[in-house]
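Provide a 3D model corresponding to the input given below.
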Amino acid sequence: MKIERELKRIRERYFRVRNRKQKQELEEKDRKLRQELAKLLKGQGWNDEDIQKIASFDILDPTAKADWFDPEWMFGVVDGFDVVIGNPPYGDLLGKGVNKNTTKKLIEKHYRFSTTSDISSPFIEKGVEMLKPGGNLFYIITFAITFNKDFSKSRLLLNNKFRRIEVISFDRDKCSIFESMSQSVSILKAIDYEGKPKTGFFTSRMFRETPDIYNIELSPANNYLLPRGTGFECPHRLPKIGEAINLEILEKLVSFKNKIRNVLSRNGRLMYIRTSGNYWYNAWDKKPYESSEIKPLYVKETYYDFIVSLVNTSLFYFWFRVYGDGRHMNTDIFEEFRIPEENKILQYKQLLNHVRKDLMNSLFSVFDEERKRFETSRVKDRIDLADFVICRYLYGFDYKHIKHILDYDKEVRTGIELDENILDRINQIISLTQSPDFETSQEKQQKVKELEREIDQLVYKLYGLTEEERWTIELEGWKK
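Down below sits the predicted model:
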């Protein structure tokens, strides 16, 4: 059509000229041509509403908006955009309103990689469709893009279509990267549409406070989908990893083959968990108070002390920050947590019994009866001690990783409160093992062994172990 060709010529020229008077002349020509187009469409039998929408849309007006979209007519784009930028709406908006069933059916029919449970999902698919090869998609989107299984198909689409995908996530409470931010969000960067080689997803940690946005660390996430071993084509959760040390800790955890799921048993011993958390997760050996969020759980007797203690630790919190929404204790994430084999649990059976009893006494000592909540931060030193025992003896983490776990999300969990005598020896060990000559220095290696023996004795003393119990633990260790 001649008018369309002329409009395209005017618009191409408009964005090249710099003279304001020339721009105004082109704006006027564009307006008149749209009026002529309206008359032409009217003569061809178009309805008045569609004619009005097409003719009134002024691409040269930076404030122009429309409730319809045609990239060729609006922008002269026929082979896709170089960049798609957006801040789509979030939440279950498709499930509301008088037309909710019709809307959901429409999404299900036309968007095969989208969920109807969150309106931002079809926005992802639409954005991808609008790109040309080599194009990039940038969204500020709900942080559910990482943990929500309903977004599995959206992540599958992104993983299949882009060379690299980055997801940086921010908590709403103390991390307002945007003014009046009321929801936790992620910045989604899908880079190089149809590009190769495909390198997959790279994710940040879930930030509790606003980071230096120019120095955010990302780690590859594709090999750590939950459940482990699953692919993007199956329902999954994408981990929020971040710094290299977080990846190292996660790699260590998932190297254990046993899972909590394997030690749950109807014939087991009764414990209780709180199915929501945020800053703290808790478990108890007796029901703390009446609440719909307090759930019973039956655990194999051998693992009882360990599981009750574990759920209160920073290590457990770390796992849920990586895979969860930062609040709910989802059953699948809980059951997928990796745990040591039974022989390791039995080796430290007596110590774990003391750990569990100590944690229970500590937690109930800070229970606010009136508000029905535990002021867990007040006993962070006992949680740190439990973390140290579990991380070092049961999982074999090195001291650098243990300190990182104790200090994780220190903005809201108070940081390291471990006994100073133990912490001092840990720092000495880290310093010694990082010495350039450590591998060849028998003196330094011997010093590390001495410090570790001192740490063992400090742990036993803090938990009040008897001499007989200490010897039993040492004897079990020698047997191994």
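
All the helices of the stretch 201-350 of the chain, residue numbers only.
Assigned by DSSP state H, counting those that start in this stretch, the helices in the stretch 201-350 of the chain fall at 244-254, 304-310, 314-323, 331-336, 342-347, 349-365.

Tabulate those (CSV), appending mean neighbour count, mean pLDDT and distance to residue 8.
In short, each C-beta sits where N, CA and C put it, glycine included. Output for those, formatted as CSV (neighbours: other CB atoms under 10 Å; pLDDT from 0 to 100; distance: least, CB to CB, whole Å):
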stretch, mean neighbour count, mean pLDDT, distance to residue 8
helix 244-254, 18, 98, 50
helix 304-310, 25, 98, 65
helix 314-323, 24, 97, 50
helix 331-336, 16, 97, 53
helix 342-347, 16, 96, 71
helix 349-365, 19, 97, 70
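
can I get these in TSV with distance to residue 271?
Listed next are the helices of the stretch 201-350 of the chain as TSV, based on distance: least, CB to CB, whole Å:
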stretch	distance to residue 271
helix 244-254	21
helix 304-310	5
helix 314-323	14
helix 331-336	12
helix 342-347	15
helix 349-365	10
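
where are the low-confidence patches of the protein?
Within the chain, the ranges that satisfy pLDDT under 70 run 97-100, 176, 179, 476-480.

run the last query once more with 80
Scanning the chain for pLDDT under 80 picks out the ranges 1, 95-102, 173-182, 277-278, 475-480.

ok, the closest residue to residue 341 other than its chain neighbours to residue 247 distance?
Closest residue to residue 341 apart from its sequence neighbours, by CB to CB, 6 or more residues apart in numbering: residue 258 at 5.5 Å. According to CB to CB, to the nearest Å, residue 258 stands 21 Å off from residue 247.

likewise residue 362?
For residue 362 relative to residue 247 (CB to CB), the value is 32 Å.

One more: residue 472?
37 Å.

cool, and residue 158?
In terms of CB to CB, residue 158 sits 20 Å off from residue 247.

Scan the chain for its longest helix.
Assignment by DSSP state H gives helix 20-43 as the longest helix of the chain.

show me what contacts residue 93?
Taking CB atoms under 8 Å, 6 or more residues apart in numbering, we find residue 93 in contact with residue 119.

Out of the helices of the stretch 201-350 of the chain, which gets nearest to residue 394?
helix 342-347 (6.0 Å; CB to CB).

same for the closest one, what does it pack against?
Secondary-structure packing of helix 342-347 (3 or more CB pairs under 8 Å, 6 or more residues apart in numbering; DSSP states H and E): helix 467-479.

residues contacting the nearest residue to residue 283 once chain neighbours are set aside?
Distances taken as CB to CB, 6+ apart place residue 311 nearest to residue 283, at 3.5 Å, with adjacent residues excluded. Residue 311 makes contact with 273, 281-283 under the criterion CB under 8 Å, 6+ apart.

same check, this time on residue 459
Counting by CB under 8 Å, 6+ apart, residue 459 touches 351, 385, 388-389, 422.

same thing but 7 Å
residue 389 (CB atoms under 7 Å, 6 or more residues apart in numbering).

secondary structure element for it?
For residue 459, the host element (DSSP states H and E) is helix 442-462.

Just give the nearest non-adjacent residue to residue 226, would you?
residue 237 (4.3 Å).

how many neighbours does that neighbour have?
25 (other CB atoms under 10 Å).

any idea how far residue 461 is from residue 151?
Taking CB to CB, one finds residue 461 at 49 Å from residue 151.

The two: who's more crowded?
Legend: neighbour count by other CB under 10 Å for residue 461 and residue 151, higher for residue 151 (28 against 12).

wait, what's in contact with that one?
Residue 151 is in contact with 115, 121, 144-145, counting by CB under 7 Å, 6+ apart.

can you confirm it is in a strand?
No: under DSSP: H, G, I helix; E, B strand; the rest coil, residue 151 falls outside any strand and is assigned helix.

show me the contacts for the residue nearest to residue 248 when sequence neighbours are not counted.
For residue 248, ignoring the flanking residues on the chain, the nearest one in space by CB to CB, 6+ apart is residue 401 at 6.5 Å. Residue 401 makes contact with 245, 248-249 under the criterion CB under 7 Å, 6+ apart.

Next: residue 415.
If you count contacts by CB under 7 Å, 6+ apart, residue 415 has them with residue 407.

Format the contacts of residue 401 as a markdown table; extra columns: distance to residue 397.
Listed next are the contacts of residue 401 as a markdown table, based on distance: CB to CB, whole Å:
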| residue | distance to residue 397 |
| --- | --- |
| 245 | 11 |
| 248 | 9 |
| 249 | 7 |
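
Looking at the contacts of residue 311, which one is closest to residue 45?
residue 281 (65.2 Å).

Okay, that closest one and residue 391: tell me how far apart.
Counting by CB to CB, the separation of residue 281 from residue 391 is 16 Å.

Give the closest residue to the residue nearest the centre of the chain in space, chain neighbours not counted.
The residue lying closest to the centre of the chain (CA atoms, centre = their mean) is residue 240, at 3.5 Å. If the residues on either side of it in the chain are set aside, residue 240 comes closest to residue 206, at 4.7 Å by CB to CB, 6+ apart.

Tell me the bridge partners for that neighbour.
Per DSSP bridges, the residues bridged to residue 206 are residue 169.

Since that was my last question, I'll sign off now.
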